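Peer 1: Fold the following for me, if possible:
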Amino acid sequence: MTHTISLEINRRILSIELGKMAKQADGSAIVRYGDTIMFVSATSRREPKEDKDFLPLTIDYRENTYAAGKIPGGFFKREGRPSEREILVARLIDRPVRPLFPEGYFNDTQVVALLLSADLENEPDTLGIIGASAALYFSDIPFTKPIGAVKVGLINDQYVINPTAKELEQSPLNLLVVGTEDGVCMLEAGAKEVDEEKMHGAIAAALDPIRQIIELQKEHYRAMGITKRAFSPKIPDPAKLAEVEAKIGPSLLVAFQTHGKKASETAVTDIRKALIESIPEEDKNGRAEAKAIFERIEEKLARKLILEQGVRVDGRTFDEIRPISAEVGLLPRTHGSALFTRGETQCLATVTLGTPEDVQRIDGLGEETHKRFMLHYNFPSFSVGEVGFLRGPGRREIGHGALAEKSILQAMPDEEKFPYTVRIVSDIMESNGSSSMATVCGGILSLMDAGVPLTMIVAGIAIGLVEEGDRHAVLTDIAGLEDHFGDMDFKVAGTERGITAVQMDLKIHALSLDLIREALAKARIARLQVLEKMKAVIAAPRPDISPYAPHIYTMFVSPEKVGEVIGPSGKVIKRIVAATKAKIDIDETGKITIASTDMAAAEKAKQMISEITAEAEVGRTYTGKVVRIEEYGAFVEILPNLVGLMHVSEIAHQRTASVRDVLSIGQTINVKVLNVEEGGKIKLSMKALIENPNPEGGSSAPEGGYNRDRDSRYKRPHGGGGGRGGDHRKNRY
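Peer 2: Numbering: from 1, shown residues only. Down below sits the predicted model:
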């Protein structure tokens with residue numbers, strides 16, 4: 001039996017249909033908004049695996065290209081491994097859902113979201129989150145807290161719920177808010193220097209429609225009478241917990257506050273090892289229980305230290321930032337480099353400048369697009385003192401890189417001002433919390449070192465939270481242990497004027513608007529301090545780019561001249577490339593981009609193209625070559641492939657009986673442009689450059705004079721340029 005529930009949000013109907021597809025899954029839902037339709041299923045094993053002491057939750061999201069009426073590109077013509085966008089949307093679904101499972105539920109669980117229809121106006125990510133909530137909630141899986149999700153835009157200084165894709169293009173804010181009935185549980189935003197008050201207002205504006213979505217699910221849930229499956233959470237015995245805490249608690253507190261992450265971790269590991277080894281090796285259950293007890297005590301004491309004693313594990317005050325140091329220009333052959341260190345988190349950021357040919361082409365659901373700014377984040381195992389394989393980026397690395405890229409994107413100059421493709425690589429050399437925000441700081445420093453003319457300087461900081469009952473502590477610049485045992489990871493990037501990106505994840509069910517305001521305020525204060533440290537190292541972008549980077553020149557020619565630059569079968573442009581070794585990008589609109597690490601070669605290519613596309617200027621004198629002689633005059637090439645007619649009467653002041661008596665093929669002469677007629681016909685003269693010896697007498701033209709119909713003047717033909725394909729907008733050589 002199918003059930004459909006619906007709600008109007010911003011003049012469009014959000015509907016959730018249950019029980020229509022995938023009836024063998026534990027739960028499924030079809031969510032529709034406009035013509036965007038998402039299918040989501042939820043399945044969970046009945047029994048946990050014995051060796052699991054965590055929730056093995058897998059979220060998969062796929063964008064089927066048929067959803068937008070497209071056939072996949074490539075050789076195989078079918079969807080392959082998930083794209084970066086699919087991974088990022090899967091993470092958006094995972095982050096608010098994971099903390100809402102009950103404590104001790106360790107059964108393998110999978111949520112699969114499939115985009116079935118895309119109208120390219122209504123974003124699918126919020127539908128995936130709502131669909132995951134419905135699929136889990138309307139099943140027997142013990143997931144009992146439904147969630148809602150909306151996007152918020154800022155258009156004409158007014159908050160708009162679920163703006164369309166076109167509206168988001170005009171909005172300085174793209175904010176995703178996810179919440180439970182108790183408050184906000186996840187945030188994700190990109191912004192153009194939106195101040196904290198407007199950001200807080202946007203979050204508040206999202207709460208009412210989120211609560212409507214949640215209440216819609218709860219009403220239908222009550223009517224359906226669903227019974228959740230029973231499970232027995234693995235919770236340590238309270239008596240044993242108290243006994244072990246009394247035994248190891250004091251030494252564990254000392255270990256926490258040991259100076260240095262490695263030293264502290266070693267001290268904690270020794271205590272843990274001694275506790276587990278005190279139990280006979282054959283008692284596997286006892287050892288597993290001891291491990292669980294130790295982790296509970298570890299978390300309890302770390303939080304107690306903060307809330308009751310007002311002390312952080314590394315001795316800092318709640319608002320104190322770890323020591324910051326930075327260096328730029330340390331790698332001589334990269335186009336830009338920076339080493340940013342905050343406490344025991346260290347980022348090596350490098351910048352590479354490329355040509356327009358180096359852009360990343362993205363064949364998504366809509367029209368093919370391209371990216372000219374990319375940030376790639378790497379987290380090698382040595383950064384945390386571990387041994388591991390160096391493989392391709394995982395979901396975490398893709399997510400952290402995307403956040404840092406979003407944070408810096410608003411600072412990038414327009415393509416017209418800086419026509420380079422820019423790639424930042426962040427290699428995390430050391431990590432003890434907030435490496436993504438270190439990437440933002442290191443990335444900005446390396447861009448300034450590379451001479452990229454940034455429109456703003458951006459820094460990032462992570463804010464944490466420890467909350468129990470009516471007590472809470474908001475922590476600035478959280479370290480790894482505070483992130484692990486705390487309740488919140490609230491990353492905020494921005495400038496002196498406002499925010500460029502936000503990402504908030506919780507381990508508790510929800511956060512109040514008051515705590516969000518407090519966290520945003522602390523993030524701003526800390527961000528300004530970090531910006532001061534960064535500007536002390538390099539205050540502004542360098543005036544020039546690296547000598548090892550390609551120098552790019554942009555020139556514009558008449559669109560009618562593009563074919564002449566390319567030439568038949570691309571012969572002309574290939575000749576220029578062969579002579580200069582420059583990369584040349586030609587747009588059919590007439591924009592030509594020349595790139596070369598050799599400035600002289602780039603100038604030569606520019607000159608060669610200028611000669612080909614040059615227009616004759618009336619009144620200007622040219623040195624030309626006679627290329628053809630007729631009875632009525634001579635044709636003179638004044639520029640490469642630019643030929644004008646000099647009538648016999650314009651050779652000399654006196655009468656010229658025969659052109660061949662004065663001129664010969666291949667002869668070099670000086671001529672003046674008298675006129676350029678409509679259609680490009682050029683009229684030349686030699687006598688205009690010669691003083692008239694008989695100003696009173698004048699001169700006479702040959703008998704019959706010049707006949708316009710008979711003596712057609714030669715102009716350079718406008719070729720189609722054999723190197724240009726029918727609908728291709730650009731040609732690269």
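Peer 1: hey, let's count contacts and neighbours off CA atoms from now on
Peer 2: Will do.
Peer 1: Rounded mean pLDDT for the longest strand seen in the chain, please.
Peer 2: The longest strand of the chain (DSSP state E) is strand 183-194. Confidence for strand 183-194, expressed as mean pLDDT, is 97.
Peer 1: try stretch 148-157
Peer 2: The model assigns stretch 148-157 a mean pLDDT of 96.
Peer 1: mind listing what's buried in that stretch?
Peer 2: G148, A149, V150, K151, V152, G153, L154, I155 (16 or more other Cα atoms under 10 Å).
Peer 1: contact partners of that stretch?
Peer 2: 126-127, 129-130, 133, 159-163, 167-168, 170-180, 202-203, 205-206, 209-211, 213-214 (Cα atoms under 8 Å, 6 or more residues apart in numbering).
Peer 1: Just the residues you listed: which are in helices?
Peer 2: Secondary structure defined by DSSP state H assigns 126-127, 129-130, 133, 167-168, 202-203, 205-206, 209-211, 213-214 of the contacts of stretch 148-157 to helices.
Peer 1: In the residues you listed, find the pair that's most separated.
Peer 2: By the measure Cα to Cα, S133 and E167 form the most distant pair in the ones in helices among the contacts of stretch 148-157, at 26.8 Å.
Peer 1: quick one: which of those two has more around it?
Peer 2: Using other Cα atoms under 10 Å, the more surrounded residue of S133 and E167 is S133, with 29 against 14.
Peer 1: quick one: pLDDT of that one?
Peer 2: At S133, pLDDT is 98.
Peer 1: Surely it touches I141?
Peer 2: No. If you go by Cα atoms under 8 Å, S133 and I141 don't touch, sitting 11.3 Å apart.
Peer 1: so what's G624 up against?
Peer 2: Contacts of G624 by Cα under 8 Å, 6+ apart are V636, E637, I638, L639, T668, I669, N670, V671.
Peer 1: Of these - the most surrounded one?
Peer 2: Neighbour max across the contacts of G624 (other Cα under 10 Å) = V636, 30 neighbours.
Peer 1: now that residue, what's its secondary structure?
Peer 2: strand (DSSP: H, G, I helix; E, B strand; the rest coil).
Peer 1: List the contacts of it.
Peer 2: G624, K625, V626, V627, R628, V643, G644, L645, M646.
Peer 1: now stretch 483-499: mean pLDDT?
Peer 2: 96.
Peer 1: Return the set of buried residues in it.
Peer 2: 483, 485-496, 498-499.
Peer 1: Outside of it itself, list whatever touches it.
Peer 2: Contacts for stretch 483-499 (Cα under 8 Å, 6+ apart): 191-196, 299, 302-303, 407, 433, 437, 440, 456-467, 500-508, 519-520, 523, 527-528, 531.
Peer 1: Inside helices: which ones of these?
Peer 2: Using DSSP H, those in helices are 196, 299, 302-303, 407, 437, 440, 519-520, 523, 527-528, 531.
Peer 1: Pick out the most distant pair among those residues.
Peer 2: Across those (Cα to Cα), the longest gap, 32.9 Å, separates E299 and L531.
Peer 1: which of these two has more neighbours?
Peer 2: Neighbour totals were compared for E299 and L531, and L531 leads with 19 against 15 (other Cα under 10 Å).
Peer 1: how about low-confidence regions in the stretch 601-733 of the chain?
Peer 2: Scanning the stretch 601-733 of the chain for pLDDT under 70 picks out 695-733.
Peer 1: where do the strands sit along it?
Peer 2: 621-630, 633-639, 642-647, 668-676, 682-685, 730-732 (DSSP state E, counting those that start in this stretch).
Peer 1: and the ones you listed as TSV, adding distance to A290?
Peer 2: TSV is the format used below for the strands of the stretch 601-733 of the chain (distance: least, Cα to Cα, whole Å):
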stretch	distance to A290
strand 621-630	93
strand 633-639	88
strand 642-647	89
strand 668-676	94
strand 682-685	95
strand 730-732	65
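Peer 1: list the contacts for A22?
Peer 2: S28, S41.
Peer 1: I478 and Q170, how far apart?
Peer 2: Distance, I478 to Q170, using Cα to Cα, to the nearest Å: 34 Å.
Peer 1: Looking at the two, which one has more neighbours?
Peer 2: Neighbour count, other Cα under 10 Å: between I478 and Q170, I478 has more, with 29 against 12.
Peer 1: I figured the more buried one hits V466, correct?
Peer 2: No. I478 lies out of contact with V466 (Cα under 8 Å); the separation is 11.0 Å.
Peer 1: List buried members of the contacts of stretch 483-499 by neighbour count.
Peer 2: Buried among those (16+ other Cα under 10 Å): 191-196, 302-303, 407, 433, 437, 440, 456-467, 500-507, 519-520, 523, 527-528, 531.
Peer 1: measure E167 to E123 for me?
Peer 2: Counting by Cα to Cα, the gap from E167 to E123 is 12 Å.
Peer 1: One more: L301?
Peer 2: In terms of Cα to Cα, L301 sits 43 Å off from E123.
Peer 1: Relative to L55, which of the strands of the stretch 601-733 of the chain is closest?
Peer 2: Nearest to L55, of these and by Cα to Cα, is strand 730-732 at 50.5 Å.
Peer 1: which stretches of this structure have low pLDDT?
Peer 2: Using pLDDT under 70, the chain drops low at 695-733.
Peer 1: Helix or strand: which one has the nearest residue to H370 once chain neighbours are set aside?
Peer 2: Nearest non-adjacent residue to H370, counting by Cα to Cα, 6 or more residues apart in numbering: R361, 4.3 Å away. Using DSSP states H and E, R361 sits in strand 360-362.
Peer 1: how about the helices in the stretch 451-600 of the chain?
Peer 2: 480-485, 513-537, 562-566, 571-580, 599-613 (DSSP state H, counting those that start in this stretch).
Peer 1: what comes up buried for the longest one?
Peer 2: Using 16+ other Cα under 10 Å as the burial criterion, the residues of helix 513-537 that qualify are 513, 516-517, 519-520, 522-524, 526-528, 530-531, 533-534.
Peer 1: Reformat the contacts of G624 as TSV; add distance to A582.
Peer 2: Shown next, in TSV, are these (distance: Cα to Cα, whole Å):
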residue	distance to A582
V636	31
E637	27
I638	26
L639	22
T668	31
I669	33
N670	33
V671	33
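Peer 1: Return the member of these nearest to L241.
Peer 2: Nearest member of those to L241, counting by Cα to Cα, is L639, at 91.5 Å.
Peer 1: OK, contacts around L663?
Peer 2: V626.
Peer 1: one more time with 10 Å
Peer 2: Contact partners of L663, counting by Cα atoms under 10 Å, 6 or more residues apart in numbering, are V626, R628, I629, G633, A634, I651, I669.
Peer 1: what do you get for S546?
Peer 2: P332, R333, T334, H335, G336, T352, L353, D449, A450, G451, T597.
Peer 1: What subset of these is buried?
Peer 2: T334, H335, G336, T352, L353, D449, A450, G451, T597.
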